[in-house]
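>>> Show me the folded form of this:
(one chain, ligands or ions: 2)
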Amino acid sequence: MKNLVLLISGRGSNLQSILQAEREQGWGVHVRGVISNRADAGGLDIARAYGVPTQVLAHTDFPNREAFDRALADALDALEPDVIALCGFMRVLGSAFVERFAGRLVNIHPSLLPAFTGLHTHARALEEGVKWHGATVHLVSSALDHGPILAQAAVPVLDGDTVETLAARVLLEEHRIYPPVVRALLEGRVQIDGLRTRIQPRESAP
Ligand code: NHR
Ligand code: GAR
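Residues are numbered from 1 along each chain as shown. Ligands and ions are numbered 1, 2, ... in the order given. Below you'll find the model as predicted:
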């Protein structure tokens, strides 16, 4: 059985969408744990409700980024993850970390990459006046928010939108597109060719 580990920093709604899909669809994987860099992350309660082991690794307990990255890498190694899904995980990971888990790290980012990398994507999309916004699932590479794109969904920006209404519209799409990509990675159905990727459909039962 393949092992899945999820990293969070906050609310955990993407975490929930993945745990729910895994339960409902019976992925046949072992959800080994949820790790949060914040003790007050709401997603920890969601993980517990699904009976998934949780760990808190507070970045504030470490002297620098490298030390946090090393501790996180050691905690992950112990869980033998085949896939590590970042679900609203808010700490940038260094290149040593990314290389150690290359190909196994996947993230959901709240914009249509390569537009609006980094933070505050919804506010910046409104400021720039774009008419379409969205979400991107991508493999994590050491170039922040520039790893191979695995899935995207677009939503319209509406006249009266605020950061909150736009974020909510994007979030619904996040919950729709992220779980199937995590499943495809676990099932080895993702092909990578530079920055271009292709996801094979599941072999449907005869
Ligand atoms: N690490 C690497 N190497 N590559 C990526 O593509 C990553 C990554 C780590 C996280 C998620 C990303 C996003 O989807 C992600 C992608 C946090 C920041 C950030 O600046 C930027 C991008 C993302 C996540 N974080 C601040 C920092 O100093 C802290 C902000 C906070 O704690 O609230 O690390 O957007
Ligand atoms: C999501 O919108 C996710 O795309 C975004 O934070 C939210 C987390 O919500 N991620 C980032 O901004 C990463 N920098 P959730 O905790 O409910 O899944």
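>>> C-alpha only now, for contacts and for neighbours.
Fine.
>>> Around ligand 1, pick out the residues from the protein.
For the chain, the contact set with ligand 1 under C-alpha under 6 Å from any ligand atom comprises 89-94, 98, 108-109, 118-119, 140-146.
>>> helix/strand/coil for residue 160?
coil (DSSP: H, G, I helix; E, B strand; the rest coil).
>>> returning to that earlier point: what about the residues of the chain next to ligand 1, which are in strands?
Here DSSP state E is the test, and the residues of the chain next to ligand 1 give 108, 109 as lying in strands.
>>> quick one: which of the residues of the chain next to ligand 1 sit in helices?
residue 98 (DSSP state H).
>>> For ligand 2, tell me which of the residues of the chain next to ligand 1 show up nearby.
Within the residues of the chain next to ligand 1, those near ligand 2 by C-alpha under 6 Å from any ligand atom are 89, 90, 108, 109, 119.
>>> What is the neighbour count of the third one?
So that's residue 108. Other residues within reach of residue 108, judged by other C-alpha atoms under 10 Å, total 26.
>>> what's the nearest residue to it if we skip its chain neighbours?
residue 137 (4.4 Å; C-alpha to C-alpha, 6 or more residues apart in numbering).
>>> I'd like to know how far the one you found sits from residue 112.
Distance of residue 137 to residue 112, computed by C-alpha to C-alpha, to the nearest Å: 9 Å.
>>> which residues do these two both contact?
residue 152 (C-alpha atoms under 8 Å, 6 or more residues apart in numbering).
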